[in-house]
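Chemist: Dropping a prediction and its sequence here:
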Amino acid sequence: MDLSPHSTEPTGSAHHRVVIVGGGTAGISVAARLRRAGVGDIAVLDPSGTHWYQPLWTLVGGGQAPLETSRRSEESLIPDGVRWIREAAAAVDPDARTVSLAGGGLVGYDYLVMAPGLQLDWDKIPGLAEAIGHDGVTSNYSPEYAPYTWELIKGMRSGTAVFSHPATPLKCGGAPQKIAYLAADYWRKQGVLDKIRMVFVLPDPKLFKVPVWTKALEKVVERYGIEVRYESEVTAVDGARRELTITDKKTGTEETLGYDLAHLVPPQSAPDWVKKSPLADGPYGFVKADKHTLRNPDHPEIFALGDVANLPTSKTGAAVRKQSPVVVAHMVAAMKGAEAGKKYDGYTSCPLVTARDKMLLAEFDYDLKPAKSFPGVNTFKERRDMWVFKRYVLPAVYWRGMMTGRV
């Protein structure tokens with residue numbers, strides 16, 4: 001069998017010791033770690049020829065990074081000795097231990113890693129799918145629209161700018177407000193901030209989960225004069241009229257607001273085929289997993305991590321960095337008929353860009369307790385070195401460390 005990373009497997013029936021659904025951050029990092037642990041006969045299912053470093057899209061939208069720096073070919077990241085099946089998964093049968101492919105055929109497995117990410121539900125907000133990418137409506141949650149965000153910010157000199165956060169779980173929970181801060185700081189430097197009304201629509205009663213960073217962000221919001229609509233969400237968009245509807249979740253009151261720029265983040269959920277699977281758990285269909293071992297409690301040969309896992313923590317790349325070694329440790333132990341003691345504590349990280357040269361680094365665990373990676377560094381205040389860390393250090397760590405199983 002040809003196990004070069006440049007080979008793909010034809011549609012049909014096959015069986016592999018480990019099948020990984022998804023070739024994104026979670027899938028590739030697990031595949032790389034398994035290979036480093038000496039595990040063979042691994043297959044990665046993913047139809048995309050492009051792999052994106054998504055955390056950089058906020059800076060693309062803020063005019064601080066070119067889109068191309070966030071892109072690599074998927075082929076270049078498939079670890080040596082791992083089979084790449086360039087097809088999408090369409091269903092999973094945990095009793096038969098098979099994954100159905102969208103193009104037909106089945107792939108059997110001894111162990112399954114669910115890492116297909118999540119889906120962006122543009123159609124869940126009426127009018128959003130029709131308006132996105134034009135009519136002043138944009139979103140950094142897609143590489144297609146992130147450059148348009150910067151076009152809108154750069155060209156705005158007065159008017160109303162609306163930024164939204166959906167009322168669903170989402171990847172990188174800080175991203176909806178980070179772009180607001182980047183825009184505000186740019187407009188401040190251009191001398192036009194006082195001519196722009198900024199509105200941030202947030203479904204939660206506070207800016208952040210962890211109090212110490214909430215206080216810091218409240219000062220940032222005050223500095224820029226941003227109106228925060230707490231416990232509210234954008235529920236409709238009329239691109240032709242350049243109007244949107246904001247609904248107060250407590251009272252049900254609706255307000256129609258005209259806009260000149262609207263950075264809207266779509267609701268998010270598990271991929272539709274995952275929602276329909278026996279592994280789905282909770283209202284958004286994410287995969288059921290033990291929060292410490294990341295194993296499915298009903299099917300212990302199945303693991304889930306990354307955005308698709310139904311865990312009580314923020315969905316970030318930093319979380320995956322801590323989750324992948326836990327998955328590998330438990331899988332390798334299971335292959336040997338043993339148990340692993342390694343546990344995931346819910347660590348996640350949110351680099352909160354608050355200006356064009358400053359950032360707060362929020363790191364915390366399941367208990368929302370700070371979990372600092374840099375002893376002696378005050379990450380509770382805005383720092384320029386943390387901005388440099390996000391813009392230049394983290395991408396290098398991602399490509400050279402996480403994607404090769406070293407970090």
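Modeler: Looks like it came in fine.

Chemist: quick one, helices of the stretch 251-400 of the chain?
Modeler: 272-275, 317-335, 384-388, 394-400 (DSSP state H, counting those that start in this stretch).

Chemist: helices or strands next to the first one in the packing?
Modeler: Pointing back at helix 272-275 there. Here helix 272-275 touches strand 89-93, going by 3 or more Cβ pairs under 8 Å, 6 or more residues apart in numbering; DSSP states H and E. The C-beta positions use only the backbone N, C-alpha and C, and glycine is treated the same way.

Chemist: tell me the mean pLDDT for the strand it packs on?
Modeler: Averaged across strand 89-93, pLDDT comes to 98.

Chemist: Counting neighbours, show which residues of the helix or strand that it is followed by come out buried.
Modeler: Sequence order places strand 98-101 as the next helix or strand after strand 89-93, per DSSP states H and E. For strand 98-101, a neighbour-count test (16 or more other Cβ atoms under 10 Å) marks 98-101 as buried.

Chemist: Check stretch 200-213 too.
Modeler: Judged by neighbour count (16+ other Cβ under 10 Å), stretch 200-213 contains these buried residues: 200-203, 207-210, 213.

Chemist: Most widely separated two among these?
Modeler: Using Cβ to Cβ, the buried residues of stretch 200-213 span at most 21.0 Å, a distance reached by 201 and 210.

Chemist: re earlier: reformat the helices of the stretch 251-400 of the chain as a markdown table; add mean pLDDT.
Modeler: Below are the helices of the stretch 251-400 of the chain laid out as a markdown table (pLDDT from 0 to 100):
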| stretch | mean pLDDT |
| --- | --- |
| helix 272-275 | 98 |
| helix 317-335 | 97 |
| helix 384-388 | 94 |
| helix 394-400 | 96 |
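
Chemist: Need the phi and psi values for the residue positioned nearest the centre of the chain.
Modeler: With distances taken as Cα atoms, centre = their mean, the residue of the chain nearest its centroid is residue 171 (3.1 Å). Reported as degrees, to the nearest 10, the phi and psi values for residue 171 are phi -80, psi 140.

Chemist: Now do the same for it: its pLDDT.
Modeler: With respect to pLDDT, residue 171 scores 96.

Chemist: so who does the closest residue to it other than its chain neighbours touch?
Modeler: Distances taken as Cβ to Cβ, 6 or more residues apart in numbering place residue 315 nearest to residue 171, at 4.5 Å, with adjacent residues excluded. Neighbour list for residue 315: 118, 169-173, 306-307, 348 [criterion: Cβ atoms under 8 Å, 6 or more residues apart in numbering].

Chemist: State the distance from residue 315 to residue 261.
Modeler: Distance from residue 315 to residue 261, counting by Cβ to Cβ, to the nearest Å: 26 Å.

Chemist: distance between stretch 244-253 and the chain's centre?
Modeler: 26 Å (Cα atoms, centre = their mean, to the nearest Å).

Chemist: what does that stretch contact?
Modeler: Contacts of stretch 244-253 (Cβ under 8 Å, 6+ apart): 162, 167, 199, 201, 203, 229, 231-238, 254-257, 259, 262, 264.

Chemist: Out of those, list just those in strands.
Modeler: Secondary structure assignment by DSSP state E places 162, 199, 201, 229, 232-238, 254-257, 262 of the contacts of stretch 244-253 in strands.

Chemist: Can you say which of those are buried?
Modeler: For the ones in strands among the contacts of stretch 244-253, a burial check counting by 16+ other Cβ under 10 Å picks out 162, 199, 201, 229, 232-235, 237-238, 257, 262.

Chemist: Out of those, the closest to residue 399 would be?
Modeler: The nearest member of these to residue 399, counting by Cβ to Cβ, is residue 262 at 32.5 Å.

Chemist: Surely the closest one and residue 138 touch.
Modeler: Yes - assessed by Cβ atoms under 8 Å, residue 262 is found in contact with residue 138 at 7.3 Å.

Chemist: And the helices in the stretch 1-150 of the chain, which stretches?
Modeler: For the stretch 1-150 of the chain, applying DSSP H, counting those that start in this stretch gives helices covering 25-36, 57-61, 74-77, 128-131, 146-155.

Chemist: and those as TSV, adding mean pLDDT, mean neighbour count and distance to residue 92?
Modeler: Compiled in TSV, these are given as follows (pLDDT from 0 to 100; neighbours: other Cβ atoms under 10 Å; distance: least, Cβ to Cβ, whole Å):
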stretch	mean pLDDT	mean neighbour count	distance to residue 92
helix 25-36	98	26	15
helix 57-61	98	25	29
helix 74-77	98	17	21
helix 128-131	98	19	28
helix 146-155	98	18	32
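
Chemist: Looking at the ones you listed, which is nearest to residue 323?
Modeler: If you check each of the helices of the stretch 1-150 of the chain against residue 323 by Cβ to Cβ, helix 25-36 wins as the nearest, at 7.2 Å.

Chemist: Show me how far that closest one is from its chain's centre.
Modeler: The answer for helix 25-36 is 18 Å, by Cα atoms, centre = their mean.

Chemist: Then stretch 352-363?
Modeler: Per Cα atoms, centre = their mean, the centroid offset for stretch 352-363 relative to its chain is 17 Å.

Chemist: Over to stretch 257-276?
Modeler: Averaging C-alpha positions (Cα atoms, centre = their mean) puts stretch 257-276 13 Å from its chain's average.

Chemist: Kindly report the same for stretch 152-165.
Modeler: Offset of stretch 152-165 from its chain centre (Cα atoms, centre = their mean): 23 Å.

Chemist: Only alpha carbons, please: show it as CSV.
Modeler: Coordinates of each C-alpha in stretch 152-165 appear next as CSV, following Å, rounded to 0.1, in the frame of the first residue of the first chain:
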residue,chain,number,x,y,z
LEU,A,152,-15.1,48.8,4.4
ILE,A,153,-13.1,50.0,7.5
LYS,A,154,-10.5,51.8,5.3
GLY,A,155,-13.2,53.6,3.3
MET,A,156,-15.4,54.7,6.2
ARG,A,157,-15.2,58.3,7.5
SER,A,158,-18.6,58.7,9.1
GLY,A,159,-21.8,56.8,9.8
THR,A,160,-22.8,53.7,11.8
ALA,A,161,-20.8,50.6,12.2
VAL,A,162,-22.4,47.5,13.7
PHE,A,163,-20.5,44.5,15.0
SER,A,164,-22.3,41.3,16.2
HIS,A,165,-21.8,38.1,18.2
